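**Q** Here's a sequence, model it:
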Amino acid sequence: MTDAPNAQSSGGFAPLRRPVFAVLWAATVLGNTGSFMRDVASAWLVTDLSASPAAVAAVQAAGMLPIFLLAIPAGVLSDILDRRKFLIAIQFLLGSVSLTLLILAHSGLMTVTALIALTFVGGIGAALMGPTWQSIVPELVPRGELKSAVALNSLGINIARSIGPAVGGVLLAAFGAALTYGADVASYIIVIAALIWWKRPPTAQDELSERFSGAFRAGLRYARSSRELHVVLLRAAVFFAFASAVWALLPLVTRELLKGDAAFYGLLLGSVGAGAILGALALPKLRSVLDADGLMLASAILTALAAAALALAPPQWLAIAILLAMGGAWIVALTTLNATAQAILPNWVRGRALAVYLTVFNGAMAGGSLGWGFIAQEIGLAPTLLTAAAGLVVAGLVAHRVRLPTGEADLTPSNHWPEPLLAEPVAGDRGPVLILVEYHVAREDHPAFLRVLNRLSHARRRDGAYNWGVTEDAADPEILVEWFMVESWAEHLRQHRRVSHADADVQQEVRAFHRHDTGPVVRHLLATHGRQTPLL
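**A** Numbers count the residues shown, from 1 in each chain. This next block holds a predicted model:
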């Protein structure tokens, strides 16, 4: 985190007064604008190469599928590599993709297969860049300006979303796909220059720094054990699977139902971006009226109405208004889910857990795009949009019963666990480690104690345990032993750092049942013969 005096009046635009953040933010806006221009060119170009709805949807899915497949590894890489150098390498990859698209489009050698393949490679770059770019924000601004910086990043994306498609559509209509791809190449040059200009301080070495495989497993264990994250992922999957129909079929809707050209397609996408900006500005007032679940239901209904209205082949001016409203609903849903995910995640696993969220988001979008494309090929565009609209309303009403978590728990590290007593130093890679916690609990308190202990088990698993259980002493039934296993001694020491204040409160509830004046006895048992492979 950047050190700076505590600004008492940090407005929403305060981070832009910091040169490094301002330069990288502006470069990001330009880079995203170029990416949206490229996407417009690709989405429209495939309709020239093939009239098949499945081919059009395949291009949409090819850009999102890598994010579905690689988001979690990308989140791990963003934690263990130099983020600045990693981002520069990613920009070179994306620039090379657009340069290849330019050459193929200019030479007339473009095919549907080549377009899908290059879109897929571009999706790999996007998958690697997403969590890495989010991770550098705390390095650019002081803690008091972090929320404003995150909000500015969202605003920048939507500025690019509103400008990029419109400009891309105009360039595509006036000069063709090659020049549009060339503009995207130029945007990557600007981003690379900004990253080279940024002199990022070297990352301090930590003896407990995670390696890729261990960090990957820890992230998956956390995602598997977090009940609150499961709710967010379920709500996201349901919403985006149905809402993806409009995005997947919009190029064909523009051409066949709305009788528009490439410029009009870009204008529609720009309208979505403009609606997203308006939705983001209106969101604080909406939050004062509706809670997170109400916002999600309203977004689902409004998106469904937009899909149904497009199925009726409205006039072009009305279609622009419809996409404007859909953009507002889209950003409200996206921001609500993202903010909820951010609120329920501790810092140590934030990147990896957000990568899981991105995996679900893009998996739902990619799978939905392919599915709606094949359905449209069988029953037609308008019936498909009406089907998606009806499904979104029904799914939204059903999912509304699965309430989103409030995210009010204190997830900052409590650091209340004492250092383990050691007879001699223990190698960090030694393991697995079995931890025993012995409680003395009255027989009549066993049911209540076990209920609270079960809540604590979720925290043990989230923070590093791959197995957990509780046993009763056959000789003295009032002695209950909680046990959990961690894959290595270093991972257990990391577990010490991860325990949050909210988890500490649950642990205090557990200890309230302990009958002795001294605390529960804790033992650490180390494997003596080699390291066993833990289960995820």
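**Q** Please count neighbours and contacts with C-alpha atoms only from this point.
**A** Fine.
**Q** which parts of stretch 509-527 are buried?
**A** Across stretch 509-527, burial judged by 16 or more other CA atoms under 10 Å covers Val510, Arg511, Phe513, His514, Pro520, His524, Leu526.
**Q** Stretch 279-286: which residues count as buried?
**A** Across stretch 279-286, burial judged by 16+ other CA under 10 Å covers Gly279, Ala280, Leu283, Leu286.
**Q** Next up, identify which helix or strand the last one is on.
**A** Taking DSSP states H and E as the criterion, the element that holds Leu286 is helix 262-289.
**Q** buried stuff in that helix?
**A** Neighbour-count burial for helix 262-289 [16+ other CA under 10 Å]: 262-280, 283, 286.
**Q** tell me the contacts of the residue nearest the centre of the chain?
**A** The centroid of the chain falls nearest to Leu358 when counting by CA atoms, centre = their mean (3.3 Å). Each residue near Leu358 by CA atoms under 8 Å, 6 or more residues apart in numbering is listed here: Ile67, Phe68, Ala71.
**Q** how does it look with 6 Å?
**A** By CA atoms under 6 Å, 6 or more residues apart in numbering, Leu358 lies in contact with nothing.
**Q** So it versus Arg350, what's the distance?
**A** From Leu358 across to Arg350, the span is 12 Å (CA to CA, to the nearest Å).
**Q** ok, Ala262 - contacts?
**A** Going by CA under 6 Å, 6+ apart, Ala262 touches Gly169, Ala173.
**Q** per-residue pLDDT, it?
**A** Looking at Ala262, its pLDDT stands at 76.
**Q** What distance do you get for it to Leu370?
**A** Taking CA to CA, one finds Ala262 at 22 Å from Leu370.
**Q** So Leu436, which state does it fall into?
**A** Assigned with DSSP: H, G, I helix; E, B strand; the rest coil, Leu436 falls in the strand class.
**Q** again but with Leu77, I slipped
**A** Per three-state DSSP, the local secondary structure of Leu77 is helix.
**Q** Apart from its neighbours in sequence, what residue is nearest it?
**A** Spatial nearest neighbour of Leu77, chain neighbours left out: Phe212 (7.1 Å); criterion: CA to CA, 6 or more residues apart in numbering.
**Q** and if you look at Ala382?
**A** By the measure of CA to CA, 6+ apart, the closest residue to Ala382 outside its immediate chain neighbours is Ala311, 4.4 Å from it.
**Q** Could you chop this structure up by domain?
**A** Per automatic domain parsing, the structural domains of the chain span 14-199+213-399, 433-526.
**Q** from these, which stretch is densest packed?
**A** Sort the domains of the chain by mean neighbour count, taking mean count of other CA atoms under 10 Å, and domain 14-199+213-399 sits at the top with a mean of 21.
**Q** Show the end-to-end separation of that domain, please.
**A** By CA to CA, the extent of domain 14-199+213-399 from end to end equals 38 Å.
**Q** Run the chain-centre distance for that domain.
**A** Offset of domain 14-199+213-399 from its chain centre (CA atoms, centre = their mean, to the nearest Å): 11 Å.
**Q** try stretch 439-448
**A** Distance, stretch centre to chain centre, for stretch 439-448: 42 Å (CA atoms, centre = their mean).
**Q** now it: mean pLDDT?
**A** 93.
**Q** repeat for stretch 230-242
**A** Average pLDDT, stretch 230-242: 93.
**Q** residues in contact with it?
**A** Ala364, Met365, Gly368, Ala388, Leu392.
**Q** Report the lowest-confidence entry in those residues.
**A** Within the contacts of stretch 230-242, Met365 has the lowest pLDDT, namely 84.
**Q** check contacts around that one.
**A** So Met365 contacts Phe240, Ala241, Ser244 (CA under 6 Å, 6+ apart).
**Q** Out of these, which is nearest to Val46?
**A** Ser244 (18.3 Å; CA to CA).
**Q** OK, contacts around the closest one?
**A** Applying CA under 6 Å, 6+ apart, we find Ser244 in contact with Met365, Gly368, Ser369.
**Q** Dump those residues to a markdown table, plus distance to Ala409.
**A** Converted to a markdown table, these look like this (distance: CA to CA, whole Å):
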| residue | distance to Ala409 |
| --- | --- |
| Met365 | 30 |
| Gly368 | 34 |
| Ser369 | 36 |
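**Q** Please flag which of the residues you listed sit within helices.
**A** Those of the contacts of Ser244 mapping onto helices are Met365, Gly368, Ser369, per DSSP state H.
**Q** gap between the first one and Ala248?
**A** Meaning Met365. For Met365 relative to Ala248 (CA to CA), the value is 9 Å.
**Q** Which pLDDT value belongs to Gly63?
**A** 78.
**Q** Would you confirm that it contacts Thr119?
**A** Yes. The criterion here is CA atoms under 6 Å, and Gly63 meets it with Thr119 at 5.3 Å.
**Q** closest to Arg494 among the contacts of stretch 230-242?
**A** Using CA to CA, Ala364 comes nearest to Arg494 of those, at 33.1 Å.
**Q** so which helix or strand takes in the nearest residue to the closest one once chain neighbours are set aside?
**A** The shortest distance from Ala364 to any non-neighbouring residue, by CA to CA, 6+ apart, is to Ala241 (4.7 Å). Assigned by DSSP H and E, Ala241 belongs to helix 227-252.
**Q** Val398 too?
**A** Assigned by DSSP H and E, Val398 belongs to helix 381-399.
**Q** Show me what that helix is packed up against.
**A** In terms of contacts (3 or more CA pairs under 6 Å, 6 or more residues apart in numbering; DSSP states H and E), helix 381-399 is packed against helix 292-311.
**Q** Average pLDDT for the helix it packs on, rounded please.
**A** For helix 292-311, mean pLDDT rounds to 93.
**Q** Tell me which residues touch Leu318, please.
**A** Counting by CA under 6 Å, 6+ apart, Leu318 has no contacts.
**Q** Please identify which helix or strand holds Ala114.
**A** With DSSP H and E as the test, Ala114 turns up in helix 112-140.
**Q** Tell me the spatial nearest neighbour of Val60, not counting adjacent residues.
**A** Small correction: residue 60 is Gln, not Val. Distances taken as CA to CA, 6+ apart place Ala248 nearest to Gln60, at 6.1 Å, with adjacent residues excluded.
**Q** pretty sure that neighbour is touching Gly371, no?
**A** No. Using CA under 6 Å, Ala248 makes no contact with Gly371, being 9.4 Å away.
**Q** Check the offset of the helix or strand harbouring Gln508 from the chain's centre.
**A** Element membership for Gln508, per DSSP H and E: helix 501-511. Averaging C-alpha coordinates over helix 501-511 and over its chain gives two centres that are 29 Å apart (CA atoms, centre = their mean).
**Q** and if you look at stretch 429-448?
**A** Averaging C-alpha positions (CA atoms, centre = their mean) puts stretch 429-448 35 Å from its chain's average.
**Q** Any idea how far apart the tips of that stretch sit?
**A** Per CA to CA, the first residue of stretch 429-448 is 37 Å away from its last.
**Q** do the same with stretch 45-57
**A** End-to-end distance (CA to CA), stretch 45-57: 13 Å.
**Q** Do you know the pLDDT at the residue in the chain sticking out farthest from the centre?
**A** What lies farthest from the middle of the chain is Ala475; by CA atoms, centre = their mean that is 50.3 Å. Looking at Ala475, its pLDDT reads 91.
**Q** looking at this, it is in a helix?
**A** No. Per three-state DSSP, Ala475 lies outside any helix segment and is coil.
**Q** Look up how far Ile344 lies from Glu228.
**A** Applying CA to CA, the value for Glu228 to Ile344 is 7 Å.
**Q** Return the residues in contact with Ala149.
**A** Contacts of Ala149 (CA under 6 Å, 6+ apart): Pro15.
**Q** redo that, cut-off 8 Å
**A** Going by CA under 8 Å, 6+ apart, Ala149 touches Gly12, Phe13, Pro15, Val137, Val141.
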